[in-house]
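>>> turn this into a structure:
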Amino acid sequence: HDVAREHAFASHLRPLGVPTPVARALCEDRAVLGTDFWVYDYVQGRHFTDLYLQAAPPADRPALFASAAAVTARLHGAPPPVALVDRLGGAPKRGYLGRQVRTWTKQFGAADERLGEATAERVVAHAEALRSTSEAEGGDVDETRVAPDTLVVAHGDLRTDNMIFDASGSDVVALLDWELAALGHPLGDLAYLVLPYAIPPLPVGPLSGFKGLNLAAHAIPPLQDLLDAYAAALAAGDRPEELSALACKALPHLDLFTAVSYFRMSAIVRGVYARAKAGTASAANADAVGALADTLLDVSVAAAATHADVVAGRAPPPAFSPVS
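Numbering: from 1, shown residues only. You can find the predicted model right below:
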């Protein structure tokens with residue numbers, strides 16, 4: 001856990017209007033606590049541990065979801081300062097989506113190596129398909145080609161349970177957990193925020209979804225509402241023209257971003273399973289966790305198939321609603 005990296009994002013982005021906790025100190029002297037740590041202000045508000053926001057009154061939930069989409073756009077609109085870009089090693093030379101595929105393919109392989117198993121052929125084939133598709137669609141989805149001068153901070157784990165909402169309103173007052181943040185593509189975060197729409201409720205862990213639910217009965221807005229809330233906030237924020245153009249060009253490939261996100265989640269869960277089997281993580285439900293990795297891979301494969309249908313004209317592409 002690179003706490004210095006988290007501290008860098010929080011301290012650099014808050015002055016730009018991104019609601020990060022106030023960073024007070026970073027300590028990299030391990031003689032103090034035995035590990036690096038950073039200190040930030042306590043943020044008063046509402047925190048929801050489930051993606052359905054069940055602790056919130058049903059009447060509040062649509063506004064809370066819309067606020068989550070709006071704060072995502074606010075993050076993307078904030079131009080990363082030079083000091084942060086330098087801290088991250090400069091502007092990326094390769095697109096975010098392709099980097100994600102490469103990173104998590106390696107992580108999947110590392111988990112299998114820990115288990116003493118060869119990576120399943122379907123995993124290898126799917127990873128290669130994601131890589132080649134990301135390259136083939138690079139003219140739309142590779143931000144280093146589409147808009148090389150437009151740098152965007154991607155949070156990397158943008159879910160409602162990594163947000164603190166105002167105690168009595170719907171505004172997001174803090175974005176948490178910057179461990180996976182990087183310079184990337186705005187659709188990476190937007191796809192991650194709306195991942196629950198692609199998966200049904202699951203019995204294991206916090207990974208669950210809305211697919212197949214009666215959304216209105218749970219006061220969960222339709223997917224289109226979140227896409228439109230994001231687009232509206234992007235248009236009203238900093239750098240509206242260049243960010244809107246970048247997002248609109250990639251939006252027809254939302255299912256590809258979804259497929260890569262679920263592949264990443266499958267790799268993470270596979271790693272948890274491997275550590276549990278090795279005795280370095282809780283093994284109480286290790287077999288169920290292993291099955292969950294397979295389920296998440298299935299969802300990734302299905303999303304990739306939907307994207308292929310969109311590209312081939314067999315399914316309509318996602319789109320932001322026209323502004324009236």
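>>> now do the same contact list for residue 22.
By CB atoms under 8 Å, 6 or more residues apart in numbering, the contact set of residue 22 is 14, 40, 41. In short, each C-beta sits where N, CA and C put it, glycine included.
>>> can you lay out the residues you listed as JSON lines showing distance to residue 314, neighbour count and secondary structure?
JSON lines is the format used below for the contacts of residue 22 (distance: CB to CB, whole Å; neighbours: other CB atoms under 10 Å; DSSP: H, G, I helix; E, B strand; the rest coil):
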{"residue": "14", "distance to residue 314": "45", "neighbour count": "18", "secondary structure": "helix"}
{"residue": "40", "distance to residue 314": "48", "neighbour count": "19", "secondary structure": "strand"}
{"residue": "41", "distance to residue 314": "51", "neighbour count": "11", "secondary structure": "coil"}
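>>> what about residue 29, how many neighbours?
8 (other CB atoms under 10 Å).
>>> could you export the helix or strand hosting residue 224 as PDB, CA atoms only?
Using DSSP states H and E, residue 224 sits within helix 223-236. Taking C-alpha atoms only, helix 223-236 is exported to PDB below (Å, rounded to 0.1, in the frame of the first residue of the first chain):
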ATOM      1  CA  LEU A 223     -28.000   3.500 -15.900                       C
ATOM      2  CA  GLN A 224     -28.800   6.300 -18.300                       C
ATOM      3  CA  ASP A 225     -29.500   8.700 -15.500                       C
ATOM      4  CA  LEU A 226     -25.900   8.200 -14.100                       C
ATOM      5  CA  LEU A 227     -24.400   8.600 -17.500                       C
ATOM      6  CA  ASP A 228     -26.300  11.800 -18.100                       C
ATOM      7  CA  ALA A 229     -25.500  13.200 -14.600                       C
ATOM      8  CA  TYR A 230     -21.800  12.600 -15.300                       C
ATOM      9  CA  ALA A 231     -22.000  14.300 -18.700                       C
ATOM     10  CA  ALA A 232     -23.900  17.300 -17.300                       C
ATOM     11  CA  ALA A 233     -21.300  17.800 -14.500                       C
ATOM     12  CA  LEU A 234     -18.400  17.400 -17.000                       C
ATOM     13  CA  ALA A 235     -20.000  20.100 -19.200                       C
ATOM     14  CA  ALA A 236     -20.400  22.400 -16.300                       C
END
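>>> tell me the buried residues in the helix or strand just after that helix?
The C-terminal neighbour of helix 223-236 among helices and strands, as given by DSSP H and E, is helix 240-250. Neighbour-count burial for helix 240-250, counted by 16 or more other CB atoms under 10 Å, picks out 243, 244, 246, 247, 249, 250.
>>> just to revisit the earlier point, run the chain-centre distance for the helix holding residue 224.
Its chain's C-alpha centre lies 16 Å from the corresponding centre of helix 223-236 when counted by CA atoms, centre = their mean, to the nearest Å.
>>> helices along the stretch 101-250 of the chain, start to end?
Secondary structure of the stretch 101-250 of the chain by DSSP state H, counting those that start in this stretch: the helices cover 121-136, 138-141, 143-146, 186-193, 223-236, 240-250.
>>> residue 68 is nearest to which of those helices?
Closest approach to residue 68 among these (CB to CB): helix 186-193, 6.4 Å.
>>> roughly how far out does the closest one sit from the chain middle?
For helix 186-193 - counting by CA atoms, centre = their mean - the centre lies 5 Å from the chain centre.
>>> in it, what counts as buried?
So helix 186-193, judged by 16+ other CB under 10 Å, has buried residues 186, 187, 188, 189, 190, 191, 192, 193.
>>> what sits against residue 310?
252, 253, 255, 316, 317, 318.
>>> same check on residue 182?
If a contact means CB under 8 Å, 6+ apart, then residue 182 has 88, 92, 96, 153, 154, 156 as its contacts.
>>> any idea how many residues pack against the nearest residue in space to the second one that is not next to it in sequence?
Closest residue in space to residue 92, ignoring its immediate chain neighbours: residue 183 at 5.4 Å, by CB to CB, 6 or more residues apart in numbering. The burial metric for residue 183, expressed as a neighbour count using other CB under 10 Å, is 20.
>>> how far away is residue 183 from residue 122?
Distance, residue 183 to residue 122, by CB to CB, to the nearest Å: 32 Å.
>>> with residue 316 instead?
In terms of CB to CB, residue 316 sits 28 Å off from residue 122.
>>> between those two, which has more neighbouring residues?
residue 122 (12 against 9).
>>> pLDDT wise, what is residue 204 at?
Confidence at residue 204, expressed as pLDDT, is 58.
>>> let me fix that, I meant to ask about residue 282.
Confidence at residue 282, expressed as pLDDT, is 59.
>>> looking at the contacts of residue 182, which is nearest residue 225?
Nearest member of the contacts of residue 182 to residue 225, counting by CB to CB, is residue 154, at 22.3 Å.
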